[in-house]
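Asker: Pasting the sequence and the predicted coordinates here, then a few questions.
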Amino acid sequence: MAAKHLIIVCGEPSGDLNAACLAQAIKEINPSIKISGVGGHLLRQAGAEIFYDIKDLSVIGLFDALKKLPLFFSLRKLILQKIQEERPAAIILVDFSGFNLRLAKAIAKRLPVIYYVSPQVWASRQGRVKTIKKYIHKMIVLFKFEEEFYKKHGIDAEFTGHPLLDIARPSTEKKEFLTSLNLSDAKTTIALLPGSRQSEINNLLPIMLETARIIADKIQNVQFMIAKSPQVSPEIYDKWLGRVNLDGSTPLTINPERSRRIDLRIIEGKTYDCLNAADFCLVCSGTATLETAIIGKPFAIIYKMNLFNYLLYRPQVKIPYIGMVNIVAGKMIVPEFIQFKATPPQIASVALEIFRDPAAREQMKQGLAQVRSALGFSGASLRAAKIVVDFINK
């Protein structure tokens, strides 16, 4: 009997990470299962045959999506062709809801559709629940409240926990890591995580750098790290940094007319080590907020998008928070600076308040520990993989 074949479709770096963990776990259960699909370097490293790379797929908001419509139509056609040629046992759609839910409509009558990493229908555009109920045969969700939400709507959903619990771990002790960067463990260390998309870097990095300047002018013995995304070209960072030596040997002057030089390093591919070494973090809203919560570091959430995209998106959001840590907690445990509130003076003011108040830092850490507990237990990817394998074996 021919080995079973699964197609996986993701469209963003976070989806690539989750898809890779799932694919690797499926291979552990049954190495004979063939996996191919749309993904990035992580899914490829996990043993999948990538027939389309996601490097140009990521979008934020309606206007970005409209610009890439021809690309999405071409990709949809390619996936349908692969399904026709290879007759997979099932297709696994990972997040990337704008594309994947439309794809599900086109393929649900041809083969079983599994959705992994739920669209945030509980936050906005709840009408998509009807689409999910009609075209998705199995939902695998990362949060317990998502399972409860879907079951209320009569949708077959299973909670497996979050795979980041097995992933978000530093590889190096704090002092050793800082020493390797010619930084001091005696100084206050602040990590900047401006996102994994080019548009996020362009929108958030200048805000974070100006916030860093203000903080450096207010307190002594402070140093900064930028956790660089491997998916984003160094030139994008250089544009905002002005003059920086990527090997970290030279401190950076952000604006020599307004401020003294600040000690800053760019570190690529070591986000968890950056978080572990930090005393405080400025974090782009998204998966990185959960990674920061798991490692247990106090932080502020920052997000800003194209104004037209924001004006279209904001009225659709029906929950009071945007950060996943606050959504999971059901209350504000981490300050959010979104769009018009994402100004360096406001962010720096709150960050300095937290620095100066040990009780506030401890309260935030306790809240983050509760969020970590709510994410479930280790082994989430393996549990999800068992659901997939059992499903296709029926």
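Answerer: Arrived safely, thanks for sending.
Asker: so where is the stretch 51-200 of the chain shaky, pLDDT-wise?
Answerer: Scanning the stretch 51-200 of the chain with the threshold set as pLDDT under 70 gives 59-64, 123-124.
Asker: Show me where it has its helices.
Answerer: Using DSSP state H, counting those that start in this stretch, the helices assigned to the stretch 51-200 of the chain run over residues 61-67, 69-86, 97-107, 128-135, 144-152, 164-167, 174-180, 198-218.
Asker: right, so of these, which gets closest to Lys331?
Answerer: Nearest to Lys331 among the helices of the stretch 51-200 of the chain is helix 144-152 (13.4 Å), distances taken as Cβ to Cβ. Where you see a C-beta, it was placed from the backbone N, CA and C, and this is true even at glycine.
Asker: Just the buried residues of that closest one, please?
Answerer: Glu146, Glu147, Phe149, Tyr150 (16 or more other Cβ atoms under 10 Å).
Asker: quick one: contacts of it?
Answerer: With Cβ atoms under 8 Å, 6 or more residues apart in numbering as the test, helix 144-152 has contacts from 118, 121-122, 129, 132, 139, 141, 156-159, 328, 374, 376.
Asker: how does it look with 7 Å?
Answerer: With Cβ atoms under 7 Å, 6 or more residues apart in numbering as the test, helix 144-152 has contacts from Ser118, Trp122, Met139, Val141, Ala157, Glu158, Phe159, Ala374.
Asker: and Glu85, how many residues sit next to it?
Answerer: 8 (other Cβ atoms under 10 Å).
Asker: The helices of the stretch 51-200 of the chain: which one's closest to Arg44?
Answerer: helix 69-86 (16.0 Å).
Asker: What angle do helix 97-107 and that closest one make with each other?
Answerer: 40 degrees (axes from the mean of the first three to the mean of the last three Cα atoms, to 10 degrees).
Asker: starting at the chain centroid, how far to helix 69-86?
Answerer: 25 Å (Cα atoms, centre = their mean, to the nearest Å).
Asker: try stretch 330-344
Answerer: That offset, for stretch 330-344, works out to 17 Å (Cα atoms, centre = their mean).
Asker: Buried residues, it. List them.
Answerer: Ile333, Val334, Pro335, Glu336, Phe337, Ile338, Gln339, Ala342, Pro344.
Asker: Is Leu204 in contact with Lys304, as I believe?
Answerer: Yes - taking Cβ atoms under 7 Å as the definition, Leu204 is a contact partner of Lys304 at 6.3 Å.
Asker: out of those two, which sits in the busier spot?
Answerer: Remark: of Leu204 and Lys304, Leu204 carries more neighbours, 25 against 21, as counted by other Cβ under 10 Å.
Asker: Excluding chain neighbours, what is closest to the more buried one?
Answerer: For Leu204, ignoring the flanking residues on the chain, the nearest one in space by Cβ to Cβ, 6 or more residues apart in numbering is Pro194 at 4.2 Å.
Asker: Would you confirm that the one you found contacts Leu282?
Answerer: No - between Pro194 and Leu282 there is no contact under Cβ under 7 Å: 8.0 Å.
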